[in-house]
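*Asks:* Give me a 3D structure for the following:
(chains A and B)
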Protein chains: 2
Amino acid sequence: MIDIFEIAQNAKNAYLKTMNLDVEIKNQALSAIAKKIEQNKDEIFAANQKDLENASIMLKEGKINQATYNRLKINENKINDLITGLNDLIKLDDPVNKVLWQKELDEDLILKKIATPIGVIGVIFEARPDCFIQIASLLIKSGNCGILKGGSEANNTNALFADLVNSALDEINYPKNAINLIYSREDIKTMLSLDEYISLIIPRGSNSLVKFIKENTKIPVLGHASGICHIFVDENAKYENVKNIIIDAKTQYPSACNAVETLLIHKEWNYINQLKKDLIVARIEIVENPLDYAHEYSDTILSIKIVDNLNEAIGHINKFGSGHTDSILSEDNENIEKFMNLVDSACVFSNCSTRFSDGFRFGFGAEVGISTNKTHARGPVGLEGLTIYKYKLFGKNQIVAPYAQGEKSFRHKFI
Amino acid sequence: MIDIFEIAQNAKNAYLKTMNLDVEIKNQALSAIAKKIEQNKDEIFAANQKDLENASIMLKEGKINQATYNRLKINENKINDLITGLNDLIKLDDPVNKVLWQKELDEDLILKKIATPIGVIGVIFEARPDCFIQIASLLIKSGNCGILKGGSEANNTNALFADLVNSALDEINYPKNAINLIYSREDIKTMLSLDEYISLIIPRGSNSLVKFIKENTKIPVLGHASGICHIFVDENAKYENVKNIIIDAKTQYPSACNAVETLLIHKEWNYINQLKKDLIVARIEIVENPLDYAHEYSDTILSIKIVDNLNEAIGHINKFGSGHTDSILSEDNENIEKFMNLVDSACVFSNCSTRFSDGFRFGFGAEVGISTNKTHARGPVGLEGLTIYKYKLFGKNQIVAPYAQGEKSFRHKFI
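*Replies:* Down below sits the predicted model:
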């Protein structure tokens, strides 16, 4: 039996070493993992095949759906994507030990705000087993340690990935126990209680999973419960642009959290009926006046609401949106500015598809998830979102008393 | 009866306006509050007198202690400090709408990471009623809204402060319901359930309060449960410096969370006995080999442990410390660097007193508290810690499909 308590304790000890590793060692680790994956393709396909066989029975029994089954499969393309992803991550700057700012508090009393890793991070993710490698590699590059729980449908593939990662890390003498895989729902429950060792939980899954986790832990939780994304079509928006962007935002990957769910159209826009016709041609099902504007379709279904003006659109989004990604299509710069300032979402776009809301597209290499939290990290979370900071104060034997008594005063000058 | 649900809802609506206010308006608000306080000194002293009279009965009955009673008092000095604090805050840059970085994803596709406020913040603080003004002013300058709960001993003073703040805000047409005061423990319980409206809870109080809050809310909590701060005296540290810094860190304000609790001394340091004698002269009680190294004395009591080397000191701090503030006194730059990199605390100092760990001393104007969290904000939390960010993406009608199909590729260039 796996002792989660022991795993967490060992991961915390590993973190006390990984938190200050040279970037060269972290990059060596990523490179060793890429090599292991390349060298063990056949083993990966074999382990994945076992998962697929089990899953096809579950599919027939109705226990999982076709989309879950499809996401399970690891093929040559996915292997290549993983290797490319690892090599991209190697090229990115070390997110740790950056000086965020420095300040002279007084003569010879220098305060530096320095980026650091966070600690041990628990990540719970769904069926796609390639996530294991992406998450592990982001944690390694950011100096964090992790306890990962994958979808049980992918247990064989995940277990092999975990073995490959750990044997790659062992080869380069990376601190032991940095990356851990756990398997059961019971293990998640135990993990949620270990706030002494685990600093952050990232759930990547259904609304109900995220809700369950938030209700059952004192550990900070980073993630998004739903992606209710909007596009507002302003009075003067050009027809072709609107049509292209909406079809992309709805159909390019309908089950993604950054797909558009609700279209808000200014009542004076001249092409409302033409757009509806073209969306139907693009096989989008239109729902006018839906009962629930906060429902995530995750399918080629789109709510449409006609609004009187920009203010009504902003109000609607702040009321029904999930603070994920919202876009304005407009030729009016003042309206664009107002929309982007007053819509209280992680990502506010103008004249482009909501589907750009993604760690890879933002240039973060990859993402551990997209956050709709209002604290720590918002939007796609890559390396930067996996760091925090510490304050280093370099003195020359100063004490506080003379400052408190008014004999000395601070300079507080950024340098 | 106060309806906390309504207060939270109104505060959320106020936030949708304050989140994008010009800094001039926020500074006008702070200036108007300073004027109100100046003009209503006598009323403040009278309200405070009522609290002091009630508290003196509670003191006799043993319901509060002398320290709590002392912290209640508002005198001319405290009024002046509050006004100075408000004027200092006016001088600080707007923490909101700063461009943190910008990046060209592709031609005419510009991503900007922009600082924003967080939302409605619930702050629970203890007896010192001047905290109300400090916290309210930090929330205003950072564009946030607040629901504040003070110590019940200070109800009269807090209520008057809340009235003064709100009448000042009304005079300059600041969005209504931005700053709210609530009174009872029951109200706190209700507040903790309103995660739809409240984005962050900051408890400034006892360990048990912080623990209670973390166990009873899904809202992120920012704060510190305890301040177990260490000073490590290295082999080569100079005697006079060590003596001055330790006496300052322990006696300058013994009940502060940044006061030192444990002294770790390298076994080869030559002045161990001399130091003990001098600390006793400075009225510090020394505890050698205490049963509990994780106990916060909040008094002029100091644990002392002799350690074999730097590694043992670092290990001790990471095991027993609370991740608050730890300082090394040393003449060896390599040891200083190692200590500051490997001690996993919010504030790591070299050759100065732990008492510098403070928002005012760090030049933040003031602080809403000191965080030992590993996420969002660490150490003294001022304006910067009260912000988060949004991503603004400015496009020219780009869609994702051609990038996904490999027809177009990203530039990802910081600009």
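*Asks:* Wait, a strand at residue A:274?
*Replies:* No: under the criterion used here (DSSP: H, G, I helix; E, B strand; the rest coil), residue A:274 is helix, not part of a strand.
*Asks:* What pLDDT does the model give the residue nearest to it when sequence neighbours are not counted?
*Replies:* Spatially, and ignoring its direct neighbours in sequence, residue A:274 is nearest to residue A:239 (7.0 Å; C-beta to C-beta, 6 or more residues apart in numbering or on different chains). C-beta: built from backbone N, CA, C; applies to glycine. At residue A:239 the predicted local confidence, pLDDT, stands at 98.
*Asks:* List the contacts of residue A:239.
*Replies:* A:271, A:274-275 (C-beta atoms under 8 Å, 6 or more residues apart in numbering or on different chains).
*Asks:* likewise residue A:344?
*Replies:* A:318, A:323, B:15-16, B:19, B:119.
*Asks:* Make a markdown table out of those residues and add secondary structure, pLDDT and distance to residue B:213.
*Replies:* What follows is those, written out as a markdown table (DSSP: H, G, I helix; E, B strand; the rest coil; pLDDT from 0 to 100; distance: C-beta to C-beta, whole Å):
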| residue | secondary structure | pLDDT | distance to residue B:213 |
| --- | --- | --- | --- |
| A:318 | helix | 97 | 27 |
| A:323 | coil | 96 | 23 |
| B:15 | helix | 98 | 21 |
| B:16 | helix | 97 | 26 |
| B:19 | coil | 97 | 25 |
| B:119 | coil | 98 | 18 |
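*Asks:* What is the nearest of those to residue A:60?
*Replies:* Ranked by distance to residue A:60 (C-beta to C-beta), the contacts of residue A:344 are led by residue A:323 at 39.0 Å.
*Asks:* measure that closest one to residue B:310 for me?
*Replies:* From residue A:323 across to residue B:310, the span is 46 Å (C-beta to C-beta, to the nearest Å).
*Asks:* and the two? which has more neighbours close in?
*Replies:* Neighbour count, other C-beta atoms under 10 Å in any protein chain shown: between residue A:323 and residue B:310, residue A:323 has more, with 26 against 22.
*Asks:* Isn't the more buried one up against residue A:379?
*Replies:* No: using C-beta atoms under 8 Å, residue A:323 makes no contact with residue A:379, being 9.6 Å away.
*Asks:* Mutual contacts of the two, please.
*Replies:* residue A:346.
*Asks:* Please identify the member of the contacts of residue A:239 with the greatest number of neighbours.
*Replies:* residue A:275 (19 neighbours).
*Asks:* where does it sit relative to residue A:262, distance-wise?
*Replies:* 14 Å.
*Asks:* try residue A:6
*Replies:* 47 Å.
*Asks:* other SSEs contacting the longest strand seen in chain A?
*Replies:* As assigned by DSSP state E, the longest strand anywhere in chain A is strand A:387-398. Here strand A:387-398 touches strand A:99-106, strand A:109-117, helix B:239-251, strand B:347-352, strand B:379-381, going by 3 or more C-beta pairs under 8 Å, 6 or more residues apart in numbering or on different chains; DSSP states H and E.
*Asks:* quick one: the first one to chain centroid distance?
*Replies:* Translated: strand A:99-106. 31 Å (C-alpha atoms, centre = their mean, to the nearest Å).
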